[in-house]
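> model the following, please.
(one chain, ligands or ions: 1)
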Amino acid sequence: RGGAPSCPAPSSHILRRSFSAESAPERKVAVLGAAGGIGQPLALLMKLNPLVSRLALYDIAGTPGVAADVSHINTRAEVKGYMAEEQLGQALEGSDVVIIPAGVPRKPGMTRDDLFNINAGIVKSLCTAIAKYCPNALVNMISNPVNSTVPIAAEVFKKAGTYDEKKLFGVTTLDVVRAKTFYAGKANVPVAEVDVPVVGGHAGITILPLFSQATPATNALSEDGIKALTKRTQDGGTEVVEAKAGKGSATLSMAYAGAIFADACLKGLNEIPDIVECSFVQSSITELPFFASKVRLGKNGVEEVLGLGTLSDYEKEGLENLKPELKASIEKGIKFAKEN
Ligand code: NAI
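Prediction:
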């Protein structure tokens, strides 16, 4: 008391400054489909993120209510709701990150591919507007089937002359979130410490969790145990679709996963080092043009697509098995974008 105020070490000072709301750069995030099952909790989570200074909530209906509600929360982001296509441009203008959970979700018995016809059209029109109003934004694609909607977005951007492969991401974070949760339960390790890369794509067998690289490592899992965990991760979405019995697919866990991924994108833009997340991106680590793997994020989006590391024999087999389906889904997306 009465003495000079203690001075924090320079490194911790810099760290604190780069995370504090006051000094974080202005960042605008737009959520397209913001009144939906995913969109609403995602809007809430983005409003809680101190890196966001402006939050634009767009949907074809229902956004005034969601925006009014979320805007009363006493955090940094200034919230505005935009409804109907004539307001889409305003919603997008100046966005640094655009998150797209617009579209229809699965019902029991449907695969993600069954959503193709409706969601492909929605994604195409939203991406056409992104190319026009915020061509430099990082795009986080949640709308399914991600294995096809990401290639559709790439084609739309190419046609508009705005495509930058570093700025287009298929959000596969929910697969990682599930793999971590299921692994922690079986390996009996604290879930907060767990890391599991998930590679490939985002549907059925194209989702390939790499439990051989999971940390903390464990001896508690047999080969059959790993197969069961892999299957549960691949079928995680279907587990929720069936439990919701016709009332949609994963929304709360997806909003959480979407918020984690968008936060990583914002940290990358703000040049916080060593931000690594799995994502479905343009890739040359296999012969397929798009592939999910660990990606290092930076001020321009993707800074580096990281390789697959050493795979177990079971994972090598899974990798070969997923390629035909993933290739077909990518080609289906490209074909749709070229013909429509
Ligand atoms: P939902 O039906 O509850 O909400 C979708 C929202 O999109 C609705 O509010 C609707 O009005 C809006 N919408 C429809 N057309 C639009 C357009 N042209 N522009 C803007 N908004 C539009 O569906 P939910 O559960 O939120 O799922 C959304 C999408 O996310 C689905 O395609 C679903 O399959 C996908 N999903 C992806 C996951 C992933 O891991 N990537 C996980 C779970 C779902």
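> doesn't Y58 lie inside a strand?
Yes - assigned with DSSP: H, G, I helix; E, B strand; the rest coil, Y58 falls within a strand.
> ok, now which ones touch it?
Taking CB atoms under 8 Å, 6 or more residues apart in numbering, we find Y58 in contact with 30-34, 81-83, 87-88, 91-92. Heads up, the C-betas are built off the backbone N, CA and C, glycines and all.
> strands along the protein, start to end?
28-32, 54-59, 78-83, 97-100, 138-141, 168-170, 198-200, 207-209, 275-282, 290-298, 301-305 (DSSP state E).
> which one of the contacts of Y58 is nearest to the ligand?
Nearest to the ligand among the contacts of Y58: G33, at 3.4 Å, using CB to the nearest ligand atom.
> any idea how far that closest one is from N119?
Separation of G33 from N119 (CB to CB, to the nearest Å): 10 Å.
> so what sits against both of those two?
Counting by CB under 8 Å, 6+ apart, the residues touching both G33 and N119 are 103, 143.
> stretch 93-104 and the ligand, any residue contact?
Yes - Stretch 93-104 is in contact with the ligand by CB under 6 Å from any ligand atom, via 101-104.
> actually stretch 203-215, not the one I typed
No - Stretch 203-215 lies out of reach of the ligand by CB under 6 Å from any ligand atom, never closer than 9.5 Å.
> mean confidence score for that stretch?
Per-residue pLDDT over stretch 203-215 has a mean of 98.
> quick one, what contacts the residue in the chain that the ligand sits nearest to?
Nearest to the ligand, among the residues of the chain, is G36, at 2.0 Å (CB to the nearest ligand atom). Residues near G36 by CB under 8 Å, 6+ apart: 59, 101-102, 251.
> pretty sure S71 sits against T63.
No - counting by CB atoms under 8 Å, S71 stays clear of T63, with 11.3 Å between them.
> look at the two and report which has more neighbours.
With neighbours defined as other CB atoms under 10 Å, S71 and T63 compare such that T63 has more, 26 against 16.
> you'd agree the more buried one is up against K80?
No - the pair T63 and K80 fails to qualify as a contact (CB under 8 Å) at a distance of 9.1 Å.
> now do the shared contacts for the two.
With CB under 8 Å, 6+ apart, T63 and K80 have common neighbours L57.
> quick check: bridge partners of K294?
C278 (DSSP bridges).
> for it, what are its contacts?
197, 199, 276-278, 305-306.
> cool, G246 as well?
G246 touches 107-108, counting by CB under 8 Å, 6+ apart.
> kindly report the same for E325.
Taking CB under 8 Å, 6+ apart as the test, what E325 contacts is 201, 203-206.
> can you check E287 too?
So E287 contacts K323 (CB under 8 Å, 6+ apart).
> ok, 10 Å please
323, 327 (CB atoms under 10 Å, 6 or more residues apart in numbering).
> and if you look at A77?
21, 27-29, 43, 46-56, 70-71.
> burial check on the residue nearest to R27 when sequence neighbours are not counted, number of neighbours?
Distances taken as CB to CB, 6 or more residues apart in numbering put D96 closest to R27, at 4.8 Å, once the chain neighbours are dropped. By the criterion of other CB under 10 Å, D96 has 22 neighbours.
> now do D96, the pLDDT please.
98.
> isn't it right up against P25?
Yes - with contact defined as CB atoms under 10 Å, D96 reaches P25; the gap is 8.9 Å.
> for the ligand, what are the nearby residues on the stretch 201-340 of the chain?
So the stretch 201-340 of the chain meets the ligand at 202, 248-251, 254 (CB under 6 Å from any ligand atom).
> ranking by neighbours, what's the top pick from those residues?
H202 (28 neighbours).
> got the phi/psi numbers for that residue?
H202 adopts backbone torsions of phi -130, psi 60, taken as degrees, to the nearest 10.
> identify the residue nearest it in space, chain neighbours excluded?
Nearest non-adjacent residue to H202 (CB to CB, 6+ apart): V146, at 4.1 Å.
> and for N119?
Here the residue nearest N119, using CB to CB, 6+ apart, is G103, at 3.9 Å.
> do V189 as well
P216 (4.9 Å).
> can you pull the contacts of the one you found?
183-184, 187, 189-190, 193-195.
> run through the residues that contact A337.
Here A337 is in contact with 120, 123-124, 127, 148-149, 151-159 (CB under 10 Å, 6+ apart).
> again, but for K323
With CB under 10 Å, 6+ apart, K323 has these contacts: 200-201, 206, 286-288, 291.
> mind putting the residues of stretch 93-104 next to the ligand into JSON lines with pLDDT and neighbour count?
Shown next, in JSON lines, are the residues of stretch 93-104 next to the ligand (pLDDT from 0 to 100; neighbours: other CB atoms under 10 Å):
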{"residue": "P101", "pLDDT": "98", "neighbour count": "28"}
{"residue": "A102", "pLDDT": "98", "neighbour count": "23"}
{"residue": "G103", "pLDDT": "95", "neighbour count": "22"}
{"residue": "V104", "pLDDT": "91", "neighbour count": "17"}
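> out of the residues you listed, flag the one nearest to R232.
Comparing the residues of stretch 93-104 next to the ligand against R232 with CB to CB places P101 closest, at 23.5 Å.
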